[in-house]
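Engineer: Here's my sequence, what's the structure:
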Amino acid sequence: MERLPTLFPFIPPIPVASGSGQPSQPQTPRHHHTERGGSLEPSASSPMSMVDVAPLKPRQKRGRPAYTPNTRHLKQTVKKLRSSEHSPDKRKLSAAKLELERKASELAAAKEQMAVLQAEAEGRERVLAAAKAAKEAAERKAKLEAEETRRAQSFVKRVTDSEANGGFNFKSLDHFFTALWRTGSGGDQQMSRVISKYVKDHGVAHATNMFRRSQEAKEEFISQEMAEIFEREGRAIQALLTRDGTSITELLKDFSMEYLAAEIEANAPHLWAALAMLAEPDQSTRRQADGETRRNKGLVRC
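Structural biologist: Got it, this is the predicted structure:
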């Protein structure tokens, strides 16, 4: 109660009777003969009823720390560290950037490697697909050729079958082909022209396919044909060199190797080609010597 005048100077001190610890009754008229007589609490209608009479705690002073001689130096040091490339934060940031760049480089390399592997895989797939398609095409072709061969052989079989069995009653295949290639013996002239055109267009391939089945037949045919050709062209060369009614002196007088070579090539082309081939050295077994010129078959003269 003694602190009230200190905290609230506008409240007058309460007199205390001498010899007693109790304050005397206030002498204000409003407290005489009332229930609140002797109470120091303000009434509910008093503005003081909102005032907290508890002692206020002193607050601690906040703000900058007390100045010392090292404060300025410490401040400058912190500033330098913050602005320096070697500060902990800057080192962490630089390390993070380097790590990010390394990861980005690894990611780019991985993407490039993935693209290469994907391209190789696609290339292998294309090769496999092409090989598969080629194999399927070859299988289809082989199957088709096998079916065609079967039908052709079935037709050939009918050639020698009897008419009662639906065949053509030829004695043999030789009998059939002899009749087929025969000319000037009647038959269907239109079909004969078709056969002649076939021989003209595909006779070489037809003969080649036949001779592939027998080397002996091929050699025998070549021997017979070449013998006839050489005999015919040999007589032509003999007639060219002798020239009935022309003396040897006149022949030697008008003799010319260039003219003779042209005449032989025109009248005996097969013999000329054979001579040119024989005059050409076999390069598979013979190497050209130093300073030696290879013979040109166009310059060969008899």
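Engineer: Please make it C-alpha for all contacts and neighbour counts, starting now.
Structural biologist: OK.
Engineer: Where does the prediction get shaky in the stretch 51-200 of the chain?
Structural biologist: Where the stretch 51-200 of the chain drops to pLDDT under 70, the residues are 51-69, 81-89, 185.
Engineer: Please enumerate the helices of it.
Structural biologist: 69-83, 88-160, 173-181, 189-211 (DSSP state H, counting those that start in this stretch).
Engineer: buried ones in the last one?
Structural biologist: If you call a residue buried by 16 or more other Cα atoms under 10 Å, then helix 189-211 has these buried ones: residue 192.
Engineer: Looking at the helices of the stretch 51-200 of the chain, spot the one closest to residue 223.
Structural biologist: Nearest to residue 223 among these is helix 189-211 (13.5 Å), distances taken as Cα to Cα.
Engineer: returning to that earlier point: using JSON lines, please lay out the helices of the stretch 51-200 of the chain together with distance to residue 273.
Structural biologist: As requested, the helices of the stretch 51-200 of the chain are arranged in JSON lines below (distance: least, Cα to Cα, whole Å):
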{"stretch": "helix 69-83", "distance to residue 273": "98"}
{"stretch": "helix 88-160", "distance to residue 273": "39"}
{"stretch": "helix 173-181", "distance to residue 273": "30"}
{"stretch": "helix 189-211", "distance to residue 273": "19"}
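Engineer: And the pLDDT for residue 251?
Structural biologist: The score at residue 251 is 65. That number is its pLDDT.
Engineer: Likewise for the one 10 residues further on?
Structural biologist: What the model reports for residue 261 is a pLDDT of 81.
Engineer: burial measure for it, as a count.
Structural biologist: Neighbours of residue 261 under the rule other Cα atoms under 10 Å: 17.
Engineer: just the one 4 residues further on next, same as before
Structural biologist: Burial measure for residue 265: 14 neighbouring residues, criterion other Cα under 10 Å.
Engineer: which element is the spatially closest residue to it that is not a sequence neighbour on?
Structural biologist: Nearest residue to residue 265, sequence neighbours excluded (Cα to Cα, 6 or more residues apart in numbering): residue 272, at 5.5 Å. Assigned by DSSP states H and E, residue 272 belongs to helix 269-279.
Engineer: Who are the contact partners of residue 160?
Structural biologist: If you count contacts by Cα atoms under 8 Å, 6 or more residues apart in numbering, residue 160 has them with 167-173.
Engineer: Just the buried ones out of the residues you listed, please.
Structural biologist: For these, a burial check counting by 16+ other Cα under 10 Å picks out 168, 170.
Engineer: In CSV, list the contacts of residue 160 along with distance to residue 135.
Structural biologist: What follows is the contacts of residue 160, written out as CSV (distance: Cα to Cα, whole Å):
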residue, distance to residue 135
167, 38
168, 40
169, 42
170, 41
171, 42
172, 39
173, 36
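Engineer: ok, the residue nearest to residue 265 touching residue 262?
Structural biologist: No - Residue 272 lies out of contact with residue 262 (Cα atoms under 8 Å); the separation is 9.8 Å.
Engineer: These two: which is more packed in?
Structural biologist: residue 272 (21 against 13).
Engineer: mind checking how far the more buried one is from residue 230?
Structural biologist: Note on residue 272: its distance to residue 230, by Cα to Cα, to the nearest Å, is 10 Å.
Engineer: Quick check: mean pLDDT of stretch 202-222?
Structural biologist: 90.
Engineer: next one: stretch 273-285
Structural biologist: Computed over stretch 273-285, the mean pLDDT rounds to 72.
Engineer: tilt between the helix or strand harbouring residue 217 and helix 189-211?
Structural biologist: Element membership for residue 217 (DSSP H and E) is helix 215-242. Interaxial angle, helix 215-242 versus helix 189-211 (axes from the mean of the first three to the mean of the last three Cα atoms, to 10 degrees): 110 degrees.
Engineer: Output the contacting helices and strands for helix 215-242.
Structural biologist: In this structure, helix 215-242 packs against helix 257-267, helix 269-279, with contacts taken as 3 or more Cα pairs under 8 Å, 6 or more residues apart in numbering; DSSP states H and E.
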